[in-house]
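# sharing a sequence plus its predicted fold:
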Amino acid sequence: MGLGCCPHASTITKIFTFLKNMDVPWTPLYAQSNKSGNVSTSESFTATWTMALTVLFTVAVFAFEHYLDERQADAYKKTDFPLELEDTVGKIDSEKVPDVKKDANGEGDKSSGASDEKTDSSKLDKDKPILPQLKEKFDKSQKYGTDKIVFGMIQSFYGVVETVVFLLMGFMPYFWDLSVNFGEQYFGWNESENEIKISLIFLAITSLLATFTGIPWELYSTFKIEKKHGFNKQTLGLFFSDKVKSTLLGFVFGGPFVALLLKIIDWGGEYFYLYVWAFTFLFSAFMMTIVPVFIMPLFNKYEPLQDGELKTRIYALADKLKYPLTKLFVMDGSKRSSHSNAFMFGFGKNKRIVLFDTLLDQVDDDEILAILGHELGHWKLGHTLTNFAITQIYFGAAFFFFSLCFTSDDLYRAFGFDDTNRSIPTIIALTFFFQTVWAPVDKILSFCLTLFSRKCEFQADEFSANLGMAKKLQTGLCKISLENLGAMCPDPFYAMYHYSHPPLVERLSAMINMEKKTQ
């Protein structure tokens, strides 16, 4: 079928006409041939249009996501409490039974006592109905969401401008040549014989640049927005300490990983993608093993949960579900933020559960059990292994298609690596493959994974509900959302595209409807 028979032929023609009017094809300001004069004369479609199409795709994705951001920003301008959420939480409150447990001495439980001691009216009162407290926090939630979305839109605009400018200015070939010169001058490394070592210099330079350009955004987000809304607890010293640690860890683990990856690609021949696939699988398993044990404790303190009824009940729940729980920790998340969370990790029969100390302050013991029932549901239903398998399949597919493009020199010469007397560095080939050919695929797959994640969340909610903890899971989710100023009326399209977890009202409604069916 010719182009003229294509139903979108006129649109495609308009696009290319527009690009020609913009003096396309574009070439980067800095190119390797500027110095050597050994310029590629290829006029293939790839060499001619790749730069323009990459810029066009980058801007198109930004425009689409900016449109969704605008929709979400409009949602945050609403002043009326959402009726569906009011109706749903009202039903939960009407069915809530006051529960004040007594210990052996006849005293109230620890969580209730902590609640009584609170004098800050902005804090959650665990014993009062949830709906009035949600309504009271609605305006704060909307303002918090507005600040975050506006900041995100500005940051996204900067990001797309930076990306396009870097492409058109030829920063990649410039930094590569800078790395080559640095390696030759200080270490005597030759580009053709020491490509992997030069690649590590290149990654160090670009990583440090990305770190420095990102710090102002992180500082504003943490010490302006999060602090303004009462979440940030960390100091500047802790912030920069974390930044130094994470940067050093990136070099310690990222450097050897990249070096081995490049070596395998060079050694593996025609089927190198199979060896790379196996290597990334082993490295993923290795990192999943050591990160919780050795790396995470560098940033937070993990202490065993104190002996008591909660600990006993959590182990009982794990035994009931055949979950091989070996350790139960409380993490001092409160030293950085008042946001809360809980997660599980570990391989085989060495599983561990971590509770944020903020979570223990925000919900009662029964609600913690219900939340852990949800998390254990992910494990019992195979979601954890499924996500790991999907990740490995993703890497396998990506490296297979990379192997098909690896020798397409025109793809990389379009971005300034156009010296015909120099080979294309593997790290550059990888970078541009994921930035050009694979970028549309990655966006589609990411959206599909978001939808899959939302489905898994509903299933995990149902799993916890089937354990007889539906009511407590509902109130627990409400309290966490309330304390974290979660979005109460998100735009449906924004939520569908971005949210890996369904909005609160959807999860609550699903559980209520499920209860009705079982009655």
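Arrived safely, thanks for sending.
# could you pull out the strands for this structure?
302-304, 325-331, 342-345, 351-356 (DSSP state E).
# ok, and the closest non-adjacent residue to residue 456?
residue 383 (4.6 Å; CB to CB, 6 or more residues apart in numbering). C-beta coordinates here come from the backbone N, C-alpha and C atoms, glycine included.
# just the pLDDT at the one you found, thanks.
pLDDT recorded at residue 383 is 92.
# ok, it touching residue 459?
Yes. Between residue 383 and residue 459 there is a contact under CB atoms under 8 Å: 7.4 Å.
# tell me, what's touching these two both at once?
Both residue 383 and residue 459 are in contact with residue 377, where contact means CB atoms under 8 Å, 6 or more residues apart in numbering.
# more neighbours: which of those two?
residue 383 (19 against 14; other CB atoms under 10 Å).
# what about the stretch 151-300 of the chain, any weak spots by pLDDT?
The model of the stretch 151-300 of the chain has no residue with pLDDT under 70.
# tell me who's in contact with the residue nearest to residue 456.
With CB under 8 Å, 6+ apart, residue 383 has these contacts: 377, 456, 459-460.
# now flag whichever of those is closest to residue 255.
Among those, residue 456 lies closest to residue 255 (CB to CB), at 34.3 Å.
# ok, how many other residues are close to residue 463?
Residues near residue 463, counting by other CB under 10 Å: 22.
# thinking it is in contact with residue 381, fair?
Yes. Assessed by CB under 8 Å, residue 463 is found in contact with residue 381 at 6.2 Å.
# that older thread, restricted to helices, list the contacts of residue 383.
377, 456, 459-460 (DSSP state H).
# just the buried members of those residues?
377, 456, 460 (16 or more other CB atoms under 10 Å).
# what pLDDT does the second one get?
Residue 456 is assigned 95 on the pLDDT scale.
# contacting residues for the residue nearest to residue 406 when sequence neighbours are not counted?
Of all residues not flanking residue 406 in the chain, residue 429 sits nearest, at 5.9 Å (CB to CB, 6+ apart). By CB under 8 Å, 6+ apart, the contact list for residue 429 reads 402, 405-406, 411-412.
# tell me which of the residues you listed fall in helices.
Those of the contacts of residue 429 mapping onto helices are 402, 405, 411-412, per DSSP H.
# remind me, longest helix of this protein?
helix 130-169.
# give the other helices and strands that that one contacts.
On a contact count with 3 or more CB pairs under 8 Å, 6 or more residues apart in numbering; DSSP states H and E, helix 130-169 meets helix 45-75, helix 83-95, helix 195-220, helix 470-483.
# run through who's touching stretch 129-136.
81, 85-86, 89-90, 92-93, 96, 124-125, 475, 478-479, 481-482, 488.
# surely residue 204 and residue 251 touch.
Yes. Shown here, residue 204 and residue 251 form a contact pair, counting by CB under 8 Å, at 7.0 Å.
# how much space separates the residue lying closest to residue 392 once chain neighbours are set aside from residue 516?
Spatial nearest neighbour of residue 392, excluding adjacent residues (CB to CB, 6+ apart): residue 281 at 5.4 Å. Residue 281 sits at a distance of 44 Å from residue 516 (criterion: CB to CB, to the nearest Å).
# settle it for me: which of these two has more neighbours?
residue 281 (15 against 8).
# I'd like the distance between the more buried one and residue 393.
From residue 281 over to residue 393 (counting by CB to CB), the distance is 10 Å.
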